[in-house]
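K.L.:
pasting the structure only:
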Ligand code: MLT
């Protein structure tokens, strides 16, 4: 059998797998080094107690004949979709109904899988630097073209630069599908309402869709940005919002998220007829996905109880204290930094290193801190590293002491 030729175009390894391999090699040759993990955005606090209790009860449900659950609804259980619609949308005055919400096993899967419902011929725009899934998944789907100097010929790149506050504005070029992430991975920048307005106007006038990666919305602190793209008029007609319980409630290992596909959003078929994307996504999910597990969905629903909400807020607050510490220490040590205000990520550049992997090696070998090299997120990430605020207070403080001591030394 012939393989999908697009795989031969891709770099051999996914960014975070490469970082993990470098870290394993370093630890193997330096077994006594106490490396502090600030690379992949994996959390360290345990699951909020409200979710833990709900999942224990759900395990008991599975153990009794009268409450056992087999295959669940592919779109997700109503109890969770109702809780999301009420708390993440209606509470903000946003009109999203439970049947527009699709529960998933995490944002990463959906960001890649959405490619099943748009054509291979679509022109896709992605932020640079950006979450590597956007480019890699579209290359797998045959939308990349050819690669040259780290850029794909058929992708439209939205440069996130210091000059634009790392928030790209709509390009002159046409795109059919636009990936936006706000607060952004990796830079931590959040698009303002006025900037998002321009994106929605662009999408509506180009008959394009925005895939809005909102995995970090719980970290929004600024008032001039949004928690949901549907806060803005017109977004129901052009935006799909993708969210996750990973970074807010520690579900990185449990796997649960959701995607909103409003009834009003449409695409065009080969005959030029307009078709609702919600129906296509439902068709895709019912065919290829059997739903997230009942136990995990019970855990996710408990995050919307008063106790669950308070525990999630406490986790976010805990990580944001780390973010503030990292920002301050890195700036004091002479790094140019951004992020860490609306986001658990700090994006940093050193005046002494122009190469991200060299800076990564310096952090790992000399400071015993693992980070993510910015160039792994795109060519405009060259020279930067990304640090996450997801470690403990103690280890974050130790890591920043090492950075400051190195700067003085
Ligand atoms: C990251 O570190 O960018 C994220 O944790 C990766 C992910 O969520 O898949």
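P.N.:
Here it is on my side, so go on. Just so it is clear, the model here is predicted, and its values are computed rather than measured. Numbers count the residues shown, from 1 in each chain.
K.L.:
could you find the closest non-adjacent residue to residue 101?
P.N.:
residue 81 (4.5 Å; C-beta to C-beta, 6 or more residues apart in numbering). For the C-beta atoms, the positions are set from N, CA and C on the backbone; glycine is no exception.
K.L.:
just the strands in the stretch 201-350 of the chain please.
P.N.:
209-213, 239-244, 257-260, 266-268, 274-276, 336-339, 345-349 (DSSP state E, counting those that start in this stretch).
K.L.:
can I get those strands in CSV with distance to residue 200?
P.N.:
As requested, those are arranged in CSV below (distance: least, C-beta to C-beta, whole Å):
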stretch, distance to residue 200
strand 209-213, 7
strand 239-244, 7
strand 257-260, 15
strand 266-268, 15
strand 274-276, 19
strand 336-339, 24
strand 345-349, 25
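K.L.:
would you reformat those strands as CSV and include mean neighbour count?
P.N.:
CSV is the format used below for the strands of the stretch 201-350 of the chain (neighbours: other C-beta atoms under 10 Å):
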stretch, mean neighbour count
strand 209-213, 25
strand 239-244, 26
strand 257-260, 26
strand 266-268, 16
strand 274-276, 12
strand 336-339, 20
strand 345-349, 27
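K.L.:
wait, what's in contact with residue 292?
P.N.:
By C-beta atoms under 8 Å, 6 or more residues apart in numbering, the residues touching residue 292 are 72, 76, 103, 104, 105, 255, 256, 300.
K.L.:
same question for residue 396.
P.N.:
36, 38, 322, 325, 326, 389.
K.L.:
please repeat the previous calculation with a cut-off of 6 Å.
P.N.:
322, 325 (C-beta atoms under 6 Å, 6 or more residues apart in numbering).
K.L.:
quick one, the helix or strand containing it and strand 345-349 angle?
P.N.:
Using DSSP states H and E, the element containing residue 396 is helix 393-408. When axes from the mean of the first three to the mean of the last three C-alpha atoms, to 10 degrees is applied, the directions of helix 393-408 and strand 345-349 differ by 10 degrees.
K.L.:
find the nearest non-adjacent residue to the residue in the stretch 1-150 of the chain positioned nearest to the ligand, please.
P.N.:
Ranking the residues of the stretch 1-150 of the chain by distance to the ligand (C-beta to the nearest ligand atom) places residue 41 first, at 3.0 Å. Nearest-residue entry for residue 41: residue 388, 5.0 Å, with adjacent residues in sequence omitted and distances by C-beta to C-beta, 6+ apart.
K.L.:
was I right about that neighbour contacting residue 40?
P.N.:
No - here residue 388 lies out of contact with residue 40, judged by C-beta atoms under 6 Å, at a distance of 7.4 Å.
K.L.:
distance of residue 35 from residue 44?
P.N.:
14 Å (C-beta to C-beta, to the nearest Å).
K.L.:
about what we covered before: tell me how many other residues crowd the residue nearest to residue 101.
P.N.:
As a burial measure, residue 81 scores 23 neighbours (other C-beta atoms under 10 Å).
K.L.:
torsion angles phi and psi at it?
P.N.:
Reported as degrees, to the nearest 10, the phi and psi values for residue 81 are phi -60, psi -40.
K.L.:
wouldn't it be in contact with residue 102 here?
P.N.:
No - Residue 81 is not in contact with residue 102 according to C-beta under 6 Å; the separation is 8.3 Å.
K.L.:
excluding residues flanking it in the chain, which one is nearest the residue sitting nearest the centre point of the chain?
P.N.:
Central residue of the chain (C-alpha atoms, centre = their mean): residue 215, 4.5 Å from the mean position. Among residues not flanking residue 215 along the chain, residue 244 sits closest, at 4.3 Å (C-beta to C-beta, 6+ apart).
K.L.:
who does that neighbour form a beta bridge with?
P.N.:
Beta bridges link residue 244 to residue 257 when assigned by DSSP bridges.
K.L.:
that one and residue 216 touch, don't they?
P.N.:
No - using C-beta under 6 Å, residue 244 is not in contact with residue 216, being 8.5 Å away.
K.L.:
and the helices in this protein?
P.N.:
Ranges of helices within the chain are 6-9, 15-29, 49-63, 78-84, 107-113, 132-140, 193-206, 246-249, 277-288, 294-302, 306-332, 356-362, 393-408, based on DSSP state H.
K.L.:
for the fourth one, packing partners?
P.N.:
Under the contact criterion of 3 or more C-beta pairs under 6 Å, 6 or more residues apart in numbering; DSSP states H and E, helix 78-84 touches strand 101-104, helix 294-302.
K.L.:
any chance of these in a markdown table, plus mean neighbour count, distance to residue 142 and mean pLDDT?
P.N.:
Shown next, in a markdown table, are the helices and strands packed on helix 78-84 (neighbours: other C-beta atoms under 10 Å; distance: least, C-beta to C-beta, whole Å; pLDDT from 0 to 100):
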| stretch | mean neighbour count | distance to residue 142 | mean pLDDT |
| --- | --- | --- | --- |
| strand 101-104 | 25 | 23 | 98 |
| helix 294-302 | 24 | 33 | 98 |
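K.L.:
any chance of the ones you listed in CSV, with distance to the ligand too?
P.N.:
Converted to CSV, the helices and strands packed on helix 78-84 look like this (distance: least, C-beta to the nearest ligand atom, whole Å):
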stretch, distance to the ligand
strand 101-104, 13
helix 294-302, 16
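K.L.:
ok and the residue in the stretch 201-350 of the chain nearest the ligand?
P.N.:
residue 246 (6.1 Å).
K.L.:
quick one, what contacts that residue?
P.N.:
residue 252.
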